[in-house]
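Peer 1: okay, predicted coordinates and the sequence, questions at the end:
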Amino acid sequence: MTPLTKSTIAIIVLALSPIGLSAGGDYEKPDLPHSIHAVRRMEPTFSVTAGIHGDVFPAFANYASLQNPDQRNWSVVSVKASNSSSSEQRYRISVRVPGWSDEEIQVVSVAAASSHSFSFAPSFFPRLYSNHEIAAATAQIKITDLAGNPVYHSTVPLRLRAVEDMLWGAHFEYANFIASWVTPHDPRVEEVLSKAKELMPGRRLPGYEDWKDAAGQEIETLLQAKAIYLALQRQRLSYVKSSLTFGANAGISERIRTPRESIRESSANCIDGSVLFASAFENLAMDPVIVLVPGHAYVGVKLSDKADDYLYIDSSLTGRVSFDAAVNIAQRALAKYQASQVDRISIHDARQAGIYPMPELQ
């Protein structure tokens, strides 16, 4: 091999170097800091938040999964994408909770020099709605460009709350979600109604009958509510508190039995009993409400679909007093509160807002 001369080496170095010569023969000094800054400015950045301070409540997850992504005001995982470049960027983002959910995929666009947050609520498997204590899980986030090249990959820890856990919020701002516990099609609710109809004149539970006037419907509603009350009383439904929850939001959350659990165990506190009665009324296409006051809850049902009067019941007394007494106690107690102390949740309105029963628990 012919040895390389100094002149040959110099030619090779100049040919391979990205730095050219100036007209005067000196090397040009590149603007390296400016070039590096330009490259970094093109890189997207992402941040991920999960649940409510890491807590995922099944009622909220179920609600969010039924919404279109661009209409969600709740999410299981939120991904914020920041695009500092001078052109629009598009990404394929996938989110799932391995072992607990399916995968939700969104193809998103982020305008130049802007940021945008995207809400994800993958559909959870039935396992979530059979979970009765806090469970640890991990959300997996994968982001690629549209060609499939990896852009970002991360995992975040989650605490999956028990299916019975309800988050009320500091000022009961999430109270409408109590409608998630109202399960009119649960087979055990159907069984209660089957027994209640045997206590009705003509063995019928007709709900509101259009051909009757308001007065006639009110009489029928009273009879049906009493039959349901007596059916649950004969099933030995009685008061057991069982409202303790754990976790970061324990002070503003509460464990609430599903109607299925209350019927199976013959146990219910005031809110458990309220969602149970509301489930029976909704099954009959009647108009139930749940009324929250400081430290207590009542159930109500519209007496007629032709008027705005309601019948209220203190369901926590089912195991101790007659139907008439439970009604009178509720009516007198509610009359003592100022309007600002009372939260009324219309189950019909909650349904209109997209809050549906959680999937049946087997």
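Peer 2: Thanks, I have it.
Peer 1: how much space separates residue 298 from residue 266?
Peer 2: For residue 298, the distance to residue 266 equals 20 Å [C-beta to C-beta, to the nearest Å]. The C-beta positions use only the backbone N, C-alpha and C, and glycine is treated the same way.
Peer 1: which of those two has more neighbours?
Peer 2: Ranked by neighbour count (other C-beta atoms under 10 Å), residue 298 and residue 266 place residue 298 first, with 28 against 13.
Peer 1: what strand or helix carries the more buried one?
Peer 2: Using DSSP states H and E, residue 298 sits within strand 296-302.
Peer 1: now do whichever helix or strand comes after that strand: distance to the chain's middle.
Peer 2: Remark: after strand 296-302, the chain's next helix or strand is strand 310-313, criterion DSSP H and E. Computed by C-alpha atoms, centre = their mean, to the nearest Å, the separation of strand 310-313 from the middle of its chain amounts to 28 Å.
Peer 1: check which helices and strands strand 310-313 sits against.
Peer 2: Secondary-structure packing of strand 310-313 (3 or more C-beta pairs under 8 Å, 6 or more residues apart in numbering; DSSP states H and E): helix 214-234, strand 296-302, helix 323-334.
Peer 1: domain map for the protein?
Peer 2: Domain assignment for the chain, taken from automatic domain parsing, gives 43-160, 165-352.
Peer 1: how about those in TSV, adding mean pLDDT?
Peer 2: Formatted as TSV, those follow (pLDDT from 0 to 100):
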stretch	mean pLDDT
domain 43-160	95
domain 165-352	95
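Peer 1: want to throw those into CSV with distance to residue 359?
Peer 2: Shown next, in CSV, are the domains of the chain (distance: least, C-beta to C-beta, whole Å):
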stretch, distance to residue 359
domain 43-160, 5
domain 165-352, 9
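Peer 1: just name the most buried of those domains.
Peer 2: Neighbour counts (mean count of other C-beta atoms under 10 Å) averaged over each of these peak at domain 165-352, with a mean of 18.
Peer 1: gap between the two ends of it?
Peer 2: End-to-end distance for domain 165-352, by C-alpha to C-alpha, to the nearest Å: 23 Å.
Peer 1: ok, stretch 192-211 next?
Peer 2: 26 Å.
Peer 1: name the residues that touch that stretch?
Peer 2: With C-beta atoms under 8 Å, 6 or more residues apart in numbering as the test, stretch 192-211 has contacts from 216-217, 220-221, 223-224, 226-228, 230-232, 234-235, 263, 280, 283-286, 304-305.
Peer 1: which SS class is residue 319?
Peer 2: Put simply, residue 319 is coil when judged by DSSP: H, G, I helix; E, B strand; the rest coil.
Peer 1: please apply the same query to residue 141.
Peer 2: Applying three-state DSSP: residue 141 is strand.
Peer 1: what sits closest to it if chain neighbours are left out?
Peer 2: In space, and not counting its chain neighbours, residue 141 is closest to residue 154: 5.0 Å by C-beta to C-beta, 6 or more residues apart in numbering.
Peer 1: now the strands: where do they sit in the stretch 1-150 of the chain?
Peer 2: 45-50, 55-56, 77-83, 89-96, 103-110, 114-120, 135-144, 150-160 (DSSP state E, counting those that start in this stretch).
Peer 1: need the residues that contact the fifth one.
Peer 2: Going back to what we said before, that points to strand 103-110. Identification of contacts with strand 103-110 by C-beta under 8 Å, 6+ apart yields 44, 69, 81-83, 88-96, 116, 118, 120-123, 146.
Peer 1: ok, now stretch 234-254?
Peer 2: Applying C-beta under 8 Å, 6+ apart, the external contacts of stretch 234-254 come out as 52-55, 57, 133-134, 159, 161-162, 165-170, 192, 195, 255-257, 262-263, 265-271, 273, 276, 316-320.
Peer 1: now, the residues you listed that are in helices?
Peer 2: The members of the contacts of stretch 234-254 that map onto helices under DSSP state H are 192, 195, 262-263, 265, 270-271, 273, 276.
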